[in-house]
Structures are given as structure tokens and as C-alpha cells.
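**Q** Sequence first, then the predicted structure, then my questions.
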Amino acid sequence: MTSTKYIGMDVHKESISIAVMNAAGKIVMECVIETKANMIVQCIDGLRGDLHVTFEEGTSAAWLYDLLKPHVTKLIVCDPRKNASMREDSQNDKIDARRLAELLRVDHLSPVYHGEHGLRTLKELVRSYLTVTKDLVRVKTRVKAIYRSWAIPCNGKEVYAACHRAEWLEKIKELGVRRRAEFYYQQLDALRVLRQGVRRELLAESKKQRAWKQLCQIPAIGPIRAAVLLGILQTPHRFRTKRPLWKYSGLAIETCSSADHRSIHGQLQRSKKNSVRGLNQNCNHDLKNLFKGGGGHRLQQTRSVPGVLRGFIGQRHEARNGPTDLGQKDCHHRSYGRKR
């Protein structure tokens, strides 16, 4: 009998349900603790043997990963969207922790990548830049929506310009609506200043990475796109081949077919009907929009997208677990192209 213990943790804001399972699949301990660093470490340190721990990707995943990594033998942050058995029958914290421990024991979990500390600052700056850009686009949409609601044509970007702002506000006769437009303009000006500040810090941080200069040499990939690409991917060595990278980027081709064979003269032959082809939707949408907005046709013509892999040669971080789940956290924005 091995001394390996499989620990499933159902993490919430105020509490964590823990189930400990041995190699034979028997629950040897269960407990509920507060979501506090000292109590979590104390609970883990009280266990003996090789500790394999798992919990689902969520708000506290990055913090909990950094906290537990030095204290366990193996740590997996799993993708909750692929844990189909977690949604069967009754559900509560105790049952979910048991199921996570069992899935870890039989190796049926899909890991989520959590990178090294070296690129944590760049990653957070990239997420800040994408979020502020998204907010800026939203405010611009609200400004134009006001004019369109009063049948005032507002094509182009002139409606946002400070020098023409008084002229556009005079077209709104309703006092309350005009005041609302003024508030939106104030929010727009504040976000523009904030975005420029985040942009400067993002560029300054990205220039510290050797791979950034190599990524900038790719056609249609400028300084900002290279920084965003570096912050999202972190290292290509987390992928075994280029195929998982294309899937993570939303550029993998998926086919769908049915009734692939038919009987002809008593023999089964493969049908010649075409299958439905399309790109995968379970991907990082910011990365996909980056490639599409960066002149996807030019990248295809120059065959330079594979240069993304070569651009990281200077950064050989150890690939751990699997692809990260940023697509759900970082929202889309127009500067990198339209949503698919």
C-alpha cells in the first residue's frame, strides 16, 4: 500500500471543504476550514506521505496555487467545465470535494496552466489593459447610443473629439439627456488618460523580456500586440506541439459529421458527403482577436504565425500542467477585432 494521498478541495470565499482519499479509493479524512492561509497550510502540513492536491479554477486559484505549491508533491488546478461528473446527482461542498479527490486519483482531470512568478506582473498589466480598453469601447457605444436614440446621425469618430463636443451637445434639446451625455464624456476622458497610463507601464514591463523584441519582428505584430501576446501565452513550452497552441488561440479546425458509412452492395463504404468544418470556440478569445485584428490575411500570406513559437526561444520556463483559462476572465474589445 502506497502512502500517496489524493486531496480534493472545494474552494469558496469563506470556507474550503477538503476530502482526503488514499490510493485504494477510501476516504480517510474530511474537514471544513476557513479560507485563510495559515489554516490551509496547517491542514496540509498535518498530512503524511505524497500529497496530490486539486481544486477547480476560480477567483482564488492563483493565490491558492502559490500558497500550496511548496507544501505538496503534485498540484493540479483543474478546468471545471470539463468535470462532467461533478454535475451529476446531488451536489454540495462535501460531495464535490470527494468527487475531485476521486477524479484526481483516476487521473481524469484537465489541468489549467499557472505560470511562473517572472511574468506575473506582465500578465496582470495585460489584463488591466484589456479591461480598460473594453470599458472605453463600452462608453463610446453609450455616447453614440444617446444620439441615435434621438435620431441624430453620428457616424465616424468626430462625436468623441473634445474640440467638437460642445457642437454635438447642442444637438440634444432635452436637458436631462444632455446632462447624461456630459457624464459619459467625462467618463470617456478619464478612461483615455487611464488607458495611456496602463499602456506606458505595459510597454515598459514588456521590454524587460527578451522575447518581446523577437515577437515585434513578426509582421502585423506591433509593440502592444507583442506585449499582450507575451502576457497571455507566457511561454510556448507549456504546449507539447504547435497543435495545442492553435487550439488555445482559436485557430484549430473542428469537423462534425454523422452516418459516415453506408451499405453498398452488401459492403460498408465510407460516405463521400462533406463534413461541417469550423474553428474551435473553446479558446482564449483575446488571443484569437489579437491574431484576427493583427491582419490575419497578412499573417497567413507571410506564414509568420509559427514565428510565435520561435519568438520565445529565450524563455524556457518549465511547462507545468496545461493551458490556462484566461478566455473567461478577459473580455473582448474592438481594438483586436470583432468577436467571432
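**A** Received the coordinates, thanks.

**Q** Please, where are all the helices along the protein?
**A** For the chain, applying DSSP state H gives helices covering 37-45, 61-68, 93-105, 120-149, 165-170, 175-206, 210-216, 223-233, 242-248, 285-293, 296-302, 307-310.

**Q** now the angle from the longest one to helix 223-233?
**A** Computed with axes from the mean of the first three to the mean of the last three Cα atoms, to 10 degrees, the direction of helix 175-206 lies at 80 degrees from that of helix 223-233.

**Q** Helix 175-206 - contacts with which helices or strands?
**A** When contacts are defined as 3 or more Cβ pairs under 8 Å, 6 or more residues apart in numbering; DSSP states H and E, helix 175-206 packs onto helix 120-149, helix 165-170, helix 223-233. All C-beta atoms are positioned from the backbone trio N, CA, C, and that covers glycine.

**Q** what distance separates it from the centre of its chain?
**A** 25 Å (Cα atoms, centre = their mean, to the nearest Å).

**Q** between that helix and helix 120-149, how big is the angle?
**A** Helix 175-206 and helix 120-149 are oriented at 160 degrees to each other (the same axes, to 10 degrees).

**Q** before we move on, the earlier item: which of the helices and strands packed on helix 175-206 is buried the deepest?
**A** helix 223-233 (a mean of 24; mean count of other Cβ atoms under 10 Å).

**Q** contacting residues around the closest residue to Leu203 other than its chain neighbours?
**A** Leaving aside its sequence neighbours, Leu203 sits nearest to Pro223 (Cβ to Cβ, 6 or more residues apart in numbering; 5.9 Å). Taking Cβ atoms under 8 Å, 6 or more residues apart in numbering, we find Pro223 in contact with Leu203, Ser206, Trp212, Cys216.

**Q** circling back to that earlier point, would you format the helices and strands packed on helix 175-206 as TSV with mean pLDDT and distance to Asn22 included?
**A** Formatted as TSV, these follow (pLDDT from 0 to 100; distance: least, Cβ to Cβ, whole Å):
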stretch	mean pLDDT	distance to Asn22
helix 120-149	95	35
helix 165-170	94	69
helix 223-233	93	38
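
**Q** returning to that earlier point: nearest to Glu30, of the helices of the chain?
**A** The closest of these to Glu30 is helix 93-105. By Cβ to Cβ, the value is 6.7 Å.

**Q** Name the residues of that closest one that are buried.
**A** Asp93, Ile95, Asp96, Ala97, Arg98, Arg99, Leu100, Ala101, Glu102, Leu103, Leu104, Arg105 (16 or more other Cβ atoms under 10 Å).

**Q** go on, stretch 282-292?
**A** Under the neighbour-count criterion of 16+ other Cβ under 10 Å, stretch 282-292 has Cys283, Asn284, His285, Asp286, Leu287, Lys288, Asn289, Leu290, Phe291, Lys292 buried.
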